[in-house]
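> Pasting the sequence and the predicted coordinates here, then a few questions.
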Amino acid sequence: MKILTAETALREETRTLEQAKPQLETKKFANQADELSITQLELMDRTDAVIEKIIGLPEGEQNFGKEIQQLTNASNAMGDAESILVKPDTGAPAIAAETEAIEWLLMTKRSGKGGGGGGGNPGDGNRSGANLTSSALALLGESTEKEAVVVERSAEQATGKAGRVLPDEFRAGLDRYFEALETQK
């Protein structure tokens, strides 16, 4: 789903803008947050258009009730995110609303395993009806295997293993030195 990819990219842009907020002028921050809110509104409109197309299919509401409800919940979360971004606020509430939209989109993407929808327990639109136990990042990615399972693996450090190990006080001093250099720029 292109909307899922775009929503994930929007969340990353929101995080980046939140991190850059202390270095930006208030007006520039507000303008960039407004651009993000416009993008969020466009994604919400695209999601609503998909819902309408599904409803327009023969017996669309009967066969895809569950998916329609999941997409509706995603659209509602996008609306929440847009209203937060327009304030302008790119903090935790905006990122949480965007993450919720991503989770609903992922559920919709994963629910297309054949058979029709049926409504089920779609929730009340207040983030209480979803089973959001799987991380969006863990599930994100294109795969041809519909029943793919995320497998935990251990990974060792690949870079920075060679060379001298410095005592903590030297590393802390170096961190302060480089931080001072960065703030002077």
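Thanks, I have the structure now.
> so what pLDDT did Gly163 get?
Gly163 carries a pLDDT value of 63.
> What's the first helix or strand after the helix or strand of the chain with the lowest mean pLDDT?
Every helix and strand of the chain was ranked by mean pLDDT, DSSP states H and E. The lowest is helix 136-139, at a mean of 43. Sequence order places helix 168-184 as the next helix or strand after helix 136-139, per DSSP states H and E.
> What mean pLDDT does that next one get?
Rounded mean pLDDT across helix 168-184 is 80.
> tell me what it is packed against?
If you count contacts as 3 or more CB pairs under 8 Å, 6 or more residues apart in numbering; DSSP states H and E, helix 168-184 packs onto no helix or strand. Glycine gets a C-beta too; all of them are placed from N, C-alpha and C.
> Sort out which residues of it are buried, please.
Judged by neighbour count (16 or more other CB atoms under 10 Å), helix 168-184 contains no buried residues.
> repeat for stretch 81-100
In terms of neighbour count (16+ other CB under 10 Å), stretch 81-100 has its buried residues at 81-86, 88-90, 94-100.
> how about those residues, which pair is most distant?
Pro88 and Glu100 (19.5 Å; CB to CB).
> can you pull out the strands in this protein?
In the chain, no strands are found when defined by DSSP state E.
> OK, contacts around Met78?
Glu7, Gln40, Leu41, Leu43, Met44, Thr47, Ala97, Glu98, Ala101 (CB atoms under 8 Å, 6 or more residues apart in numbering).
> Repeat the analysis, applying 7 Å as the threshold.
Shown in contact with Met78 (CB atoms under 7 Å, 6 or more residues apart in numbering): Gln40, Leu43, Met44, Thr47, Ala101.
> And Ile95, by the same measure?
Applying CB under 7 Å, 6+ apart, the residues contacting Ile95 are Arg11, Thr14, Arg15.
> How many residues are close by Ala33?
23 (other CB atoms under 10 Å).
> pretty sure it contacts Pro88?
Yes - between Ala33 and Pro88 there is a contact under CB atoms under 7 Å: 3.2 Å.
> overlap in contacts of the two?
Residues touching both Ala33 and Pro88 do not exist when contact is defined as CB under 7 Å, 6+ apart.
> JSON lines for the contacts of Met78, including distance to Lys2 and pLDDT?
Below are the contacts of Met78 laid out as JSON lines (distance: CB to CB, whole Å; pLDDT from 0 to 100):
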{"residue": "Gln40", "distance to Lys2": "15", "pLDDT": "97"}
{"residue": "Leu43", "distance to Lys2": "10", "pLDDT": "96"}
{"residue": "Met44", "distance to Lys2": "14", "pLDDT": "96"}
{"residue": "Thr47", "distance to Lys2": "11", "pLDDT": "95"}
{"residue": "Ala101", "distance to Lys2": "14", "pLDDT": "95"}
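> Which members of these are the farthest-apart pair?
The distance between the two most remote of the contacts of Met78 (CB to CB) is 10.5 Å, for Gln40 and Thr47.
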